[in-house]
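Colleague: Next one to model:
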Amino acid sequence: MNFETKVIHGGTQEDPATGAVVPPIYQTSTYHQQELGGNAPYEYTRGENPTRFAVESVMASLENGKYGYAFSSGMAAIHAVMTLLHEGDHLVMGNDVYGGTFRLVNSILAELGVSYTAVDTADPDAVAAAIQPNTKMVYLETPSNPLLHVTDIQKAADIAHDAGAMAVVDNTFASPYNQTPLDLGADIVVASGTKYLGGHSDTVSGFVVTSDTDLADKIKMIQLSIGAVLSPQESFLVQRSLKTLALRVERHNSNAQTLAEWLNEQPEVQKVYYPGLPGTPDYEIAKQQMRGFGGMISIELQDGLDTKHFVENLDIFQLAESLGGVESLIEVPAVMTHASIPREVRLENGIKDELVRISVGVENVDDLQADLAQGLAGLH
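Modeller: Numbering: from 1, shown residues only. Next comes the predicted model:
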């Protein structure tokens with residue numbers, strides 16, 4: 001079944017009780033059990049809920065996995081995966097990951113006795129050199145946030161497996177429409193459903209998908225025990241949005257490609273980060289493992305230009321955190337999404353104060369280009 005069909009017909013897409021083509025919202029906390037000590041499929045919504053199961057099953061299908069789990073946010077999903085690590089374990093992760101992921105690792109896991117090494121995961125040699133005898137996980141963002149670097153998932157997964165570690169990929173920026181990491185050797189895929197999966201900036205969610213039964217059992221236990229589960233209402237909203245994922249991401253891809261190529265020619269722009277631009281190592285790897293280059297662009301303005309003035313004086317692009325919605329957004333990672341990373345660490349990893357991250361929406365691309373053009377012109 002092709003992706004465009006799976007988003008509509010994959011997983012659980014109708015109510016088994018009534019045949020309704022749209023699974024209903026089971027807004028309940030508990031369930032009537034017919035007998036004491038019986039094996040009821042649903043007992044308490046923190047553990048099981050039919051609406052949540054519906055969106056979990058379709059996410060597993062889209063990621064070509066066997067088991068899917070829905071959480072109350074992307075960070076809750078990442079936390080669940082990181083909970084697989086224990087005191088004395090070592091983690092290898094990307095050096096330009098999302099600020100919230102860095103904060104979780106640096107401020108919480110480190111205090112619990114988990115050590116980490118942050119490297120440029122786009123460099124397989126750097127990943128291999130970071131492996132230690134106690135390394136239990138290699139954690140990748142590809143494309144990364146916010147520099148859009150692309151990691152060869154197969155090579156990184158092979159390095160992890162040779163060391164007896166698991167390979168985890170944050171697939172938020174790509175979405176399963178553009179990339180399916182489990183097919184490339186990853187053991188676990190994690191994603192913020194708040195972004196492209198939800199796609200309308202009106203819901204917050206997170207997902208974990210795997211095909212490994214042992215890992216699935218552990219993730220399920222963590223989900224049940226910590227309790228950061230996706231609510232029935234949010235589950236319904238995400239499943240509804242997933243049905244248009246292919247249509248939306250195709251437009252995100254094409255709009256971003258057009259704007260990245262145009263921005264690359266603008267005199268006010270010093271550098272454009274976008275995996276769809278030929279001539280870079282990221283492009284060559286992306287061509288091999290992605291079906292589309294995504295809707296995210298990052299740029300650096302020329303020295304001396306006022307980044308603050310630029311992002312505050314656009315008409316269509318809204319100054320806001322998050323990404324992946326139908327509307328176009330723009331932000332400055334150093335003072336917004338990545339502010340929790342110490343400045344010296346940001347600069348060391350290439351995240352400059354002048355870096356601007358753009359989430360390209362599905363509006364008319366001519367309107368988007370005109371808005372960026374007037375914003376750049378206003379810098380003179």
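Colleague: C-alpha only now, for contacts and for neighbours.
Modeller: Fine.
Colleague: Name the single longest helix found in this structure.
Modeller: For the chain, the helix that runs over the most residues, judged by DSSP state H, is helix 245-263.
Colleague: Given whichever helix or strand comes after that one, what are its sheet partners and their directions?
Modeller: Using DSSP states H and E, the helix or strand that follows helix 245-263 in sequence is strand 269-273. Here strand 269-273 has these sheet partners by DSSP bridges: strand 296-301 (antiparallel).
Colleague: Kindly provide the whole-number mean pLDDT of the partner strand.
Modeller: On average, the pLDDT along strand 296-301 is 97.
Colleague: mind listing the strands for the stretch 51-200 of the chain?
Modeller: Counting by DSSP state E, counting those that start in this stretch, the stretch 51-200 of the chain has strands at residues 67-71, 90-94, 115-119, 135-141, 166-170, 188-192.
Colleague: ok, E300 touching E354?
Modeller: Yes - under the criterion of CA atoms under 8 Å, E300 makes contact with E354 at 5.9 Å.
Colleague: and H90, what does it touch?
Modeller: V114, S115, Y116, T117, Q132, N134, T135, K136, M137 (CA atoms under 8 Å, 6 or more residues apart in numbering).
Colleague: Which pLDDT value belongs to it?
Modeller: With respect to pLDDT, H90 scores 98.
Colleague: Same question for A80.
Modeller: Per-residue confidence (pLDDT) for A80: 98.
Colleague: number of nearby residues for the closest residue to it other than its chain neighbours?
Modeller: Nearest non-adjacent residue to A80, counting by CA to CA, 6 or more residues apart in numbering: I222, 6.2 Å away. Residues near I222, counting by other CA atoms under 10 Å, number 17.
Colleague: Can you tell me the SS state at I222?
Modeller: helix (DSSP: H, G, I helix; E, B strand; the rest coil).
Colleague: what angle do the longest helix of the chain and strand 296-301 make?
Modeller: Put simply, helix 245-263 runs at 20 degrees to strand 296-301, going by axes from the mean of the first three to the mean of the last three CA atoms, to 10 degrees.
Colleague: can you pull the alpha-carbon coordinates of helix 245-263 into PDB?
Modeller: This file holds the C-alpha atoms of helix 245-263, laid out as PDB (Å, rounded to 0.1, in the frame of the first residue of the first chain):
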ATOM      1  CA  LEU A 245      -0.100  14.500   5.600                       C
ATOM      2  CA  ALA A 246       1.000  13.500   2.100                       C
ATOM      3  CA  LEU A 247      -0.800  16.500   0.500                       C
ATOM      4  CA  ARG A 248       0.600  18.900   3.000                       C
ATOM      5  CA  VAL A 249       4.200  17.800   3.000                       C
ATOM      6  CA  GLU A 250       4.400  17.700  -0.700                       C
ATOM      7  CA  ARG A 251       3.500  21.400  -0.700                       C
ATOM      8  CA  HIS A 252       5.900  22.100   2.100                       C
ATOM      9  CA  ASN A 253       8.600  20.400   0.100                       C
ATOM     10  CA  SER A 254       8.000  22.300  -3.100                       C
ATOM     11  CA  ASN A 255       7.600  25.700  -1.400                       C
ATOM     12  CA  ALA A 256      10.700  25.300   0.600                       C
ATOM     13  CA  GLN A 257      12.800  24.100  -2.400                       C
ATOM     14  CA  THR A 258      11.700  27.200  -4.400                       C
ATOM     15  CA  LEU A 259      12.400  29.600  -1.500                       C
ATOM     16  CA  ALA A 260      15.800  28.000  -0.600                       C
ATOM     17  CA  GLU A 261      17.000  28.300  -4.200                       C
ATOM     18  CA  TRP A 262      15.800  32.000  -4.300                       C
ATOM     19  CA  LEU A 263      17.300  32.800  -0.900                       C
END
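Colleague: what sits up against it?
Modeller: Residues from elsewhere that reach helix 245-263 (CA under 8 Å, 6+ apart): 3-4, 7, 177, 196-197, 199, 269, 272, 274, 276-277, 292-297, 326, 360-362, 365, 369.
Colleague: again, only this time at 7 Å
Modeller: Outside helix 245-263, the residues that touch it by CA atoms under 7 Å, 6 or more residues apart in numbering are 4, 177, 197, 269, 272, 274, 276, 292-297, 360-362, 365, 369.
Colleague: ditto for stretch 149-157
Modeller: For stretch 149-157, using CA under 7 Å, 6+ apart, the contacting residues are 121-122, 124, 142-144, 167, 181, 184-186, 282, 285-286.
Colleague: same question, stretch 66-84
Modeller: Under CA under 7 Å, 6+ apart, the answer for stretch 66-84 is 52, 56-57, 59-60, 190-193, 204-211, 216, 219, 222-223, 228-230.
Colleague: gap between the two ends of that stretch?
Modeller: Taking CA to CA, to the nearest Å, stretch 66-84 runs 19 Å from one end to the other.
Colleague: Buried residues in that stretch, which are they?
Modeller: Using 16 or more other CA atoms under 10 Å as the burial criterion, the residues of stretch 66-84 that qualify are 67-82.
Colleague: and if you look at stretch 361-375?
Modeller: Using 16+ other CA under 10 Å as the test for burial, stretch 361-375 gives G361, V362, V365, L368, Q369, D371, L372, A373, G375.
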